[in-house]
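Undergrad: this is the structure alone, sequence omitted:
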């Protein structure tokens, strides 16, 4: 298996990466939002307000 960042052989200590540096590069990409799963836009009106932790099934 090769490192998904630099293509070097993976190190078992950092698998699937070859080093801590490549693991950190991947983490930074996630935190910046470089990786995204495509999907349909969400209507903001359908999102419950912050702090609303009620389970919608409890309203039955």
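TA: It's in. Bear in mind the structure is a predicted one, so any value in this text is a computation, not a measurement. Residues are numbered from 1 along each chain as shown.
Undergrad: read off the pLDDT value for residue 3.
TA: For residue 3, the pLDDT comes out at 97.
Undergrad: find the residue closest to it in space, skipping its chain neighbours.
TA: Spatial nearest neighbour of residue 3, chain neighbours left out: residue 18 (4.0 Å); criterion: CB to CB, 6 or more residues apart in numbering. Just so you know, the C-beta spots here come from the backbone N, C-alpha and C atoms, and that holds for glycine as well.
Undergrad: can you pull the contacts of residue 4?
TA: For residue 4, the contact set (CB atoms under 8 Å, 6 or more residues apart in numbering) comprises 16-17, 22, 26.
Undergrad: now the phi/psi pair for it, please.
TA: phi -70, psi -10 (degrees, to the nearest 10).
Undergrad: now residue 9
TA: Taking degrees, to the nearest 10 as the convention, residue 9 sits at phi -60, psi 140.
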